[in-house]
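Engineer: 3D, please:
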Amino acid sequence: MIDLKARKILIAAMAAAMLLACLGMIPRLRTEQANKTAAFAMEYRDLMTLSVQTGSPAEKIWKEINKLGVIGLSVSEFTGEEISLINPLPLKYGPAEQFGLSSEKLLPDRAVILMDRSLSHFGILYEYLKLKMPAVEIKDIGTGSAMILPGNTSDFKISSFVPDLYGLDFCREQGIPVLFRPGSCPASGASDTAAAFDYLTSVYSDIKNVTASGMIMAGYPDYKPLAEVMKRKGITFSQTEFIKQVGAAGFAKTMYPMVIPLHSLTRDEVISRSISRLQITERFVRAVHERSVRLIMVRPYDLNMGGRLEVFIEDLASTSGSIKARGYEFGWPSNIGIWPDSIPGALACGITLIFCGWFYIVRLKGGEEERVGIRLLSFLILLSLIISAGMWKVSLLARVLGGLCGALAASEAALSALESYKKPVLGAIKGLFIVTAGGLAIAAFYGTTMAALRLTPFSGVKLTLLLPPLLVLVHDLRRRVHPESLPEIINRPAVWGELFLIGIMMLAMLVMALRSDNVSNVPALEVAFREFIERALLVRPRTKEFLIGYPALVFYWYVVRKGWIPGYREAVRIVSVLAFSSAVNTFCHFHTLLSLSVIRTVNGWWLGMLIGVIAVAVINYAVIPMSKKLSGEIGS
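Structural biologist: This next block holds a predicted model:
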């Protein structure tokens, strides 16, 4: 006869959810395994600088660094200010009066490019500018031609309008893929920008990828014309991680699925934070291995005076070796393949949501061990199917329920583990099983290709972190796990210890929620510690799991078995919930390889449990005996 106790039904439901989730993630796993080609790219201008500094031909340097994974070169458009300062091409740029062109119809500060008509680049540049800014006028001056731009020099100071033709020539001659970086130019509309780019790529077919330069995406806010040209020619777009550029995110959505994530470190960041070469290597390796980034922008190390090429080659060898050791190869990457949306994933989420929600209500009533009738079980299964269908068909419903699904799974995992103080090993395994099943369900349904490219953010991230502690607190007050009920707590005078703990916990939860998306504001000491753990375990577990949440769970089991601090156990329970909230949140990072999310969750679990056991052992066999001994000596 089938045992229909509520607790066993929940476990069976979560097992079914895990099975469905694994089934639904097969296409994603196959796509992730096929997407193993990465590339370094560097600025063409950096290559030329190294050539000048070393006296070695750029072609020779290129062949050497190409063997170490530098597959492409980044070529930019120059702004008026850059042309004035470095004069990168055989042309002259300045106000009309500088060239004796000012008149009543031509203001003295009108921006002008003067170039010899006999030069090979003249026709290309004039055609490009005429397409980009149809109002450009041309006037012959001797053997040269003045291209009169539609604006004054101040208008073009930070506007990008002249491509680095030397860089494009070099790449064409060497057969190097180009990552082209067009900048914004207010004098050029979206259609004109697209037409100019279409022409440029017809001349330089080595342009394989585009990424935004400066603070504004070229052609913003009308993405369609440029995107159509790029898609027609098979040119991908790269959105730089952690860099906020106006229009870049919107353009990436328009370019979907032809998007390749890119990671770059700016010179300012390296210098201001004194980032070491080892830290840069580890950061690049994590970007490729953990966040599915396939283009890495590299540059010679900025804090090394002298010997820049030698240091650069050493760093490339170290970084490429580490990336290859993780199963990747170097070549020009393609955009990730599209995997289908997962119906089994929707079913897994529906089951997780309904059965964890139902069992939470059962817990509030104290009916965990009660038997469940066939009629109720059938109703729960039917409701799971209805919710799954609703999430599959109605995107708004899916967005609303995603965070709730994760929060309920984390809460149930925490409560299952916390109540198992008599059988802690079983409780630890049960908690890991439930939280993994819930996390996999979310990953299977919400981890779409667009989500993996960070084009559609998961709206439930904060809810999965903040709601579980509240649900556990409500449960504990309702079931009198805490010795006082909510009315009793409200009616009695506040205890300073409780207020202090509440304040610390609220502050910790706020910091955790604010830092859940990236690590841009993490202190340098913590960064160093994280990198040490990364080197030791290959996949770093999350700090809030192995240093806070799981050790707190072990400590809770210890104090309950000893019968200690009944008035303060609730604080320990709430802290332990953070481990399970964080574990579910790990699976919400859809850009991370699924296998790494599983390994990270397991690493956090066993390491946190081990740290907790060691801490409890120290307390039990060293701290307490020592305190008793000291107390006895003082009393005597």
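
Engineer: helices of the stretch 301-450 of the chain, start to end?
Structural biologist: Residue ranges of the helices in the stretch 301-450 of the chain, as given by DSSP state H, counting those that start in this stretch, are 308-325, 343-365, 374-393, 395-418, 424-446, 449-452.

Engineer: and Leu73, how far from Ala552?
Structural biologist: For Leu73, the distance to Ala552 under the criterion C-beta to C-beta, to the nearest Å works out to 51 Å. Just so you know, the C-beta spots here come from the backbone N, C-alpha and C atoms, and that holds for glycine as well.

Engineer: neighbour count winner among these two?
Structural biologist: Set Leu73 next to Ala552 and count neighbours by other C-beta atoms under 10 Å: Leu73 wins out with 24 against 21.

Engineer: out of everything not next to it in sequence, what's closest to the more buried one?
Structural biologist: Tyr44 (4.6 Å; C-beta to C-beta, 6 or more residues apart in numbering).

Engineer: so what's that neighbour up against?
Structural biologist: In this structure, Tyr44 makes contact with 73-75, 164, 166-167, 170-171, judged by C-beta atoms under 8 Å, 6 or more residues apart in numbering.

Engineer: now name the helix or strand holding Cys185.
Structural biologist: According to DSSP states H and E, Cys185 maps onto no helix or strand at all.

Engineer: and the closest residue to it other than its chain neighbours, what does it touch?
Structural biologist: Taking C-beta to C-beta, 6+ apart, and ignoring the residues beside it in sequence, Cys185 has Ser159 as its nearest neighbour in space, at 4.5 Å. Contacts for Ser159 (C-beta under 8 Å, 6+ apart) come out as 79-80, 183-187.

Engineer: need the buried ones from these selected in PyMOL.
Structural biologist: Listed next is the PyMOL selection for buried residues among the contacts of Ser159, using 16 or more other C-beta atoms under 10 Å:
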select buried, resi 79+80+183+184+185+187
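
Engineer: adding distance to Leu607 and pLDDT, write the contacts of Ser159 out as a markdown table.
Structural biologist: Written out in a markdown table, the entries for the contacts of Ser159 read as follows (distance: C-beta to C-beta, whole Å; pLDDT from 0 to 100):
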| residue | distance to Leu607 | pLDDT |
| --- | --- | --- |
| Thr79 | 50 | 94 |
| Gly80 | 55 | 93 |
| Gly183 | 47 | 91 |
| Ser184 | 47 | 92 |
| Cys185 | 52 | 93 |
| Pro186 | 54 | 91 |
| Ala187 | 57 | 92 |
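
Engineer: show only the entries of the contacts of Tyr44 found in strands.
Structural biologist: The members of the contacts of Tyr44 that map onto strands under DSSP state E are 73-75.

Engineer: ok, how many other residues are close to Met258?
Structural biologist: Neighbouring residues of Met258 were enumerated by other C-beta under 10 Å; the total is 18.

Engineer: would you confirm that it contacts Thr236?
Structural biologist: Yes - here Met258 reaches Thr236: they are 4.7 Å apart, a contact under C-beta atoms under 8 Å.

Engineer: for the protein, what helix or strand is lowest in average pLDDT?
Structural biologist: Within the chain, judged by mean pLDDT, DSSP states H and E, the helix or strand with the poorest mean is helix 496-514; its value is a mean of 59.

Engineer: need the contact list for Gly447.
Structural biologist: With C-beta under 8 Å, 6+ apart as the criterion, the residues that contact Gly447 are 25, 28, 345, 587, 590, 594.

Engineer: in contact with Val288, which residues?
Structural biologist: Taking C-beta under 8 Å, 6+ apart as the criterion, Val288 is in contact with 38, 294, 296, 323, 326, 328.

Engineer: do you know the pLDDT at it?
Structural biologist: Val288 is assigned a pLDDT of 95 by the prediction.

Engineer: work out for me the element it sits within.
Structural biologist: In this structure, Val288 sits in helix 277-291 according to DSSP H and E.

Engineer: run the angle between that helix and helix 308-325 for me.
Structural biologist: Here the directions of helix 277-291 and helix 308-325 differ by 30 degrees (axes from the mean of the first three to the mean of the last three C-alpha atoms, to 10 degrees).

Engineer: check the offset of helix 277-291 from the chain's centre.
Structural biologist: Counting by C-alpha atoms, centre = their mean, to the nearest Å, helix 277-291 is centred 13 Å from the centre of its parent chain.

Engineer: buried residues in that helix, which are they?
Structural biologist: Judged by neighbour count (16+ other C-beta under 10 Å), helix 277-291 contains these buried residues: 277, 279-291.

Engineer: same thing with stretch 95-107?
Structural biologist: 95-96, 99, 101-102, 106.

Engineer: one more: stretch 589-609?
Structural biologist: For stretch 589-609, a neighbour-count test (16+ other C-beta under 10 Å) marks 589-590, 592-594, 596-601, 603-605, 607-609 as buried.

Engineer: now it: mean pLDDT?
Structural biologist: Per-residue confidence for stretch 589-609 averages out to 94 on the pLDDT scale.

Engineer: can you give me the helices for the stretch 101-250 of the chain?
Structural biologist: Shown for the stretch 101-250 of the chain, the helices assigned by DSSP H, counting those that start in this stretch span residues 120-132, 165-174, 190-203, 224-233, 248-255.

Engineer: Val362 and Glu412, how far apart?
Structural biologist: Going from Val362 to Glu412 by C-beta to C-beta gives 11 Å.

Engineer: if you count what's nearby, which of these two comes out ahead?
Structural biologist: Glu412 (29 against 18).

Engineer: find the nearest non-adjacent residue to the more buried one, please.
Structural biologist: Nearest to Glu412 is Cys356, by C-beta to C-beta, 6+ apart, at 4.7 Å.

Engineer: tabulate the buried residues of helix 277-291 (TSV), appending distance to Leu131.
Structural biologist: As requested, those are arranged in TSV below (distance: C-beta to C-beta, whole Å):
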residue	distance to Leu131
Arg277	43
Gln279	44
Ile280	39
Thr281	42
Glu282	44
Arg283	39
Phe284	37
Val285	42
Arg286	41
Ala287	36
Val288	37
His289	42
Glu290	42
Arg291	37
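
Engineer: of the contacts of Tyr44, which is the nearest to Ser384?
Structural biologist: Distance to Ser384 across the contacts of Tyr44 (C-beta to C-beta) is lowest for Ser74, with 50.2 Å.

Engineer: for the closest one, give the beta-bridge partners.
Structural biologist: Applying DSSP bridges to Ser74 gives these bridge partners: Glu43, Leu179.

Engineer: what about it, neighbour count?
Structural biologist: For Ser74, the tally of surrounding residues (other C-beta under 10 Å) stands at 27.

Engineer: again with the one 3 residues further on
Structural biologist: In terms of burial, Glu77 registers 23 neighbours under the definition other C-beta under 10 Å.

Engineer: right, and Arg326 touches Ala287 too?
Structural biologist: No - with the criterion set as C-beta under 8 Å, Arg326 and Ala287 do not qualify as a contacting pair; they are 11.9 Å apart.

Engineer: what residue ranges in the stretch 501-636 of the chain score low on pLDDT?
Structural biologist: 501-531, 535, 632-636 (pLDDT under 70).

Engineer: nope, the chain is what I was after
Structural biologist: Judged against pLDDT under 70, the low-scoring parts of the chain cover residues 1-3, 484-486, 488-531, 535, 632-636.

Engineer: mind giving me the domain split of it?
Structural biologist: What automatic domain parsing lists as the domains of the chain is 6-31+338-626, 36-330.

Engineer: one step back: now the helices of the stretch 101-250 of the chain as TSV including distance to Gly55 and mean neighbour count?
Structural biologist: Below are the helices of the stretch 101-250 of the chain laid out as TSV (distance: least, C-beta to C-beta, whole Å; neighbours: other C-beta atoms under 10 Å):
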stretch	distance to Gly55	mean neighbour count
helix 120-132	26	18
helix 165-174	18	18
helix 190-203	31	19
helix 224-233	38	18
helix 248-255	38	20
